[in-house]
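J.: Predicted model and sequence below, questions to follow.
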Amino acid sequence: MIVNEAAETPVDNLLLTNAAHADVLAGGCACCDGREAFVALLRTICGMRDAQGAGAFDQIVLETSGLADPGAIATAISGDQMLARRLIVEDVIVLVDACHGAAQLSDEALCRAQIEAADRIIITKSDEPSARDTDRLIQTLKLLNPSANIEGAEKGVPVKLPAHDDATPYPLSGSGIETVPIKPHRLDISGGGGWASFSVWLSAVLTARGNDIVRVKGVVGSPDGRLLLQSVRNVVQPPEILPEPDDTGNGFLAPAEGVIVLIGRHIDEPTLERSWQKFVMGTGS
Ligand SMILES: [Zn+2]
């Protein structure tokens, strides 16, 4: 567990008594001014693990400062050769305060970027505003990130959220902030020559449209096995080989092989499909 606080004097770590091990990274945010220290700490942790002969980690949890952009943190990890081989950003979890979330979403670009990058959104203090207001907040979050799981929790314990799908989302405005919500787009690449051709096509798409594509997720077949693909913003992580479904024995659930989900804005699904088809035909696979 790594706790990052932008301030010089850390406090959050005092609350963490259950983590197996906690490191504190104070005096700079891991996504920007504290980035070098963050990368150095991860390298030290991986190095210590090697020295102990302890093998790979199951998990490192980074609690970012509230000001961090998850995309920039993914970039920091994948931009370091040692870390890129050792770590994969698995889940981006974003907490939303039910009392202040709506106001922050309406005028803070960073807050929207955090929501868009999330795999899981956890609403806290959901019983403090009226159920109606919490409903509206949930609908706003669904609009901003239709593919994230939205859950409620209070002091670490899951709580049930109101579920009225007819609530009106809060208006999204804010000067200079992108107001078009992101959407998931599915692309079937099963007939297209696997990871090698897909990665070339994806790099071209991200170079051209990187700012519009928030996440890419999927499973691609390769001669070495099934590769799990994950990207945050325009950073594609080195794909990870997945265990075969039948040799884990622990109910591992992988997405269907050959289907990629691109999450972003201003993406026209037929255009995306045509671009892929044209690319596959062009490369003769
Ligand atoms: Zn930062």
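T.: Yep, it's here.
J.: Any stretches of the stretch 151-285 of the chain with poor pLDDT?
T.: Applying pLDDT under 70 to the predicted model, the residue ranges of the stretch 151-285 of the chain that meet it are 174-177, 179, 194, 232-256, 283-285.
J.: do that again at 90, thanks
T.: Along the stretch 151-285 of the chain, segments meeting pLDDT under 90 span 154-156, 162-166, 170-269, 271-273, 275-285.
J.: Tally up the residues packed near the residue nearest to residue 118 when sequence neighbours are not counted, please.
T.: The shortest distance from residue 118 to any residue other than its chain neighbours is 4.1 Å, reached at residue 94 (CB to CB, 6 or more residues apart in numbering). Where C-beta positions appear, they are placed from N, C-alpha and C, glycine not excepted. When neighbours are counted by other CB atoms under 10 Å, residue 94 registers 20.
J.: tell me the secondary structure for residue 94?
T.: Assigned with DSSP: H, G, I helix; E, B strand; the rest coil, residue 94 falls in the strand class.
J.: Relative to residue 190, how far out is it?
T.: Using CB to CB, to the nearest Å, residue 94 is found at 32 Å from residue 190.
J.: Also residue 151?
T.: Counting by CB to CB, the separation of residue 151 from residue 190 is 32 Å.
J.: same thing with residue 68?
T.: Taking CB to CB as the measure, residue 68 falls 36 Å from residue 190.
J.: more crowded one of the two?
T.: A count of neighbours by other CB under 10 Å puts residue 68 above the other of residue 68 and residue 190, at 23 against 13.
J.: how many other residues sit next to the residue nearest to the more buried one when sequence neighbours are not counted?
T.: Once flanking residues are discounted, residue 68 sits nearest to residue 31: 4.2 Å by CB to CB, 6+ apart. Applying other CB under 10 Å, we find 23 residues neighbouring residue 31.
J.: Just to check, residue 22 is in contact with residue 2?
T.: Yes. With contacts defined as CB atoms under 8 Å, residue 22 counts as touching residue 2 at a distance of 7.5 Å.
J.: neighbour-wise, which of those two wins?
T.: In this view residue 22 and residue 2 are compared by other CB under 10 Å, and residue 2 has more residues nearby, 20 against 17.
J.: separation between that one and the ion?
T.: Here residue 2 is placed at a distance of 14 Å from the ion (CB to the ion, to the nearest Å).
J.: pLDDT value on that residue, please?
T.: We note a pLDDT of 85 for residue 2 in this prediction.
J.: There's contact between it and residue 57 in this structure, I believe.
T.: No. Taking CB under 8 Å as the definition, residue 2 is not a contact partner of residue 57, at 11.8 Å.
J.: Bridged to residue 24, which residues?
T.: Listed by DSSP bridges, the beta-bridge partners for residue 24 are residue 3.
J.: How many neighbouring residues does it have?
T.: Neighbourhood size, residue 24 [other CB under 10 Å]: 18.
J.: Tell me the gap between the longest strand seen in the chain and the middle of its chain.
T.: Looking only at the chain and at elements set by DSSP state E, the strand with the highest residue count is strand 213-222. Between the mean C-alpha location of strand 213-222 and the chain-wide mean there is a distance of 12 Å, by CA atoms, centre = their mean, to the nearest Å.
J.: Of all the residues in whichever helix or strand comes after that strand, which ones are buried?
T.: Scanning the chain past strand 213-222 towards its C-terminal end, the next helix or strand to appear is strand 225-232 (assignment: DSSP states H and E). When neighbours are counted by 16 or more other CB atoms under 10 Å, the buried residues of strand 225-232 are found to be 226-232.
J.: out of the residues you listed, who's nearest the ion?
T.: Distance to the ion across the buried residues of strand 225-232 (CB to the ion) is lowest for residue 232, with 14.4 Å.
J.: First-to-last residue distance for stretch 99-112?
T.: Using CA to CA, to the nearest Å, the gap from the first to the last residue of stretch 99-112 comes to 16 Å.
J.: quick one: is that stretch near the ion?
T.: No. Stretch 99-112 stays out of contact with the ion when judged by CB under 5 Å from the ion, the minimum separation being 8.9 Å.
J.: pLDDT on that stretch, on average?
T.: Taken as a whole, stretch 99-112 has an average pLDDT of 86.
J.: thought residue 89 was touching residue 75?
T.: No. Contact between residue 89 and residue 75 fails when scored by CB under 8 Å: they sit 10.0 Å apart.
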